[in-house]
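the sequence and its predicted three-dimensional model are supplied below.
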Amino acid sequence: MRQIGFSTGALAYADFQRGLGMMHRKQLPAIELSALRQNELIPLLDALPTLDLSEFNYISIHAPSQFEPELEAALWQRLSDETWREWPIVVHPDTLYDFSLWRELGSAICVENMDKRKPVGRSARELSSIFKQLPEASLCFDIGHARQYDPTMTEAYLILREFGERLRQVHVSEVNTSSRHDPLSYASILAFQAVAHLIPKHVPLILETPVKEEDIDTEIAKVREALPLDRHTMVA
C-alpha cells in the first residue's frame, strides 16, 4: 500500500502545528512540513526540536515558494543547517537564483515541477536544464501541475520516464486554471490513472488538496483510486 500523507499547508493555511495535529489524529505515515511563505520558514525550523514526528515514516520540508533574492543566502543557510536530518527539502526552481549555493545541499534538494504560470520547470526539457545545475537533486513530481500544463498527460509521462530514478515524493491535487489546488474530481482521477504505473509503490504521496479534517479519509480514498497499485505498478 502506498504511503499517503498531507502537506500541513493544505490542511491548515500557514499553521503547521494545526495541520500536524490533524495528521496525528488520522495516524498518517507521511507528512510535508510546509513553509510556503518566506515568513513561515524560520518559525517552522525553530519549532522542529519540539515537534512530535516519531510516528511518520516519511518527512519532508517545503521551502518558501517565493522570497526576496537578497534573503536567499540566509534562507539557504537555515535549510542547510537541517540537512543532517536527511529529509527532502522541496524547492520551486524559479526561486533559485544562485545555483552554486543550492548545489552544496546535494541530494537534500528535491525539485518540484511547476504549473503553467512559472517560467521554468514545467516540462521534462525545462527540468533537464535544472538538473544539469543540480546533478544530485531529486524530484518532487506534482501530478496536478503536470496535468494543468498538459491535460493530455504526455508531459507527465515524459517527466516520469526521464527522471523516474530521481523521484522522491509525489504532490497530489487537482490544479485548476487559476493554479489553485482543489480536491480531486472524476476527470483528474482518470487522468492520473494514465501514469500511475510509472510511480513506484515506495514513493510517498503528499496530498495538497485543501480539505477539512472530516473529509481527509474521503480524499485519501480518491487518491488511492487515482494512483492504484497493481501488477503493472512496479517500475524501479
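Nice, thanks for sending it over. Residues are numbered from 1 along each chain as shown.

run a quick neighbour tally on A221.
When neighbours are counted by other C-beta atoms under 10 Å, A221 registers 11. For glycine as for every other residue, the C-beta is placed from the backbone atoms N, C-alpha and C.

packing partners of the helix or strand hosting it?
Taking DSSP states H and E as the definition, one finds A221 inside helix 216-226. For helix 216-226, the packing partners by 3 or more C-beta pairs under 8 Å, 6 or more residues apart in numbering; DSSP states H and E come out as strand 4-7, helix 16-26, helix 186-193, strand 205-207.

let's see that with 10 Å instead.
Secondary-structure packing of helix 216-226 (3 or more C-beta pairs under 10 Å, 6 or more residues apart in numbering; DSSP states H and E): strand 4-7, helix 16-26, strand 167-172, helix 186-193, strand 205-207.

export the ones you listed to a markdown table and tack on mean neighbour count and mean pLDDT?
Formatted as a markdown table, those follow (neighbours: other C-beta atoms under 10 Å; pLDDT from 0 to 100):
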| stretch | mean neighbour count | mean pLDDT |
| --- | --- | --- |
| strand 4-7 | 25 | 98 |
| helix 16-26 | 17 | 96 |
| strand 167-172 | 24 | 98 |
| helix 186-193 | 16 | 98 |
| strand 205-207 | 25 | 98 |
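
H62 is nearest to which of these?
Closest of these to H62 is strand 4-7, at 6.5 Å (criterion: C-beta to C-beta).

so which elements touch the closest one?
helix 16-26, strand 30-34, strand 58-62, strand 167-172, strand 205-207, helix 216-226.

sec struct for A14, please.
Using DSSP: H, G, I helix; E, B strand; the rest coil as the criterion, the local structure at A14 reads coil.

residue contacts, it?
Applying C-beta atoms under 10 Å, 6 or more residues apart in numbering, we find A14 in contact with 8, 34-37, 39-40, 43.

report the buried members of those residues.
Among the contacts of A14, those classed as buried by 16 or more other C-beta atoms under 10 Å are 8, 34-36, 40.

what is the nearest of those to S123?
The closest of the buried ones among the contacts of A14 to S123 turns out to be L36 (C-beta to C-beta; 22.8 Å).

now the closest one: closest residue in space that isn't a chain neighbour?
S65 (4.9 Å; C-beta to C-beta, 6 or more residues apart in numbering).

so that neighbour versus Q38, what's the distance?
9 Å (C-beta to C-beta, to the nearest Å).

and the furthest pair within the contacts of A14?
Longest span within the contacts of A14, C-beta to C-beta: T8 and N39, 15.4 Å.

would S178 count as being in a helix?
No - if the criterion is three-state DSSP, then S178 is coil and not within a helix.

what about it, neighbour count?
Other residues lying near S178 total 9 when counted by other C-beta under 10 Å.

low-confidence ranges, this protein, go.
Low-confidence segments of the chain, defined by pLDDT under 70: 231-236.

my guess is P88 contacts L79, does it?
No - the criterion here is C-beta atoms under 10 Å, and P88 misses it with L79 at 11.2 Å.

skipping its backbone neighbours, what lies nearest the residue nearest the centre of the chain in space?
Geometric centre of the chain, nearest residue: H171, 4.3 Å, by C-alpha atoms, centre = their mean. Nearest in space to H171, with sequence neighbours left out and distances taken as C-beta to C-beta, 6+ apart, is D142 at 4.0 Å.

perfect, I'm done here.
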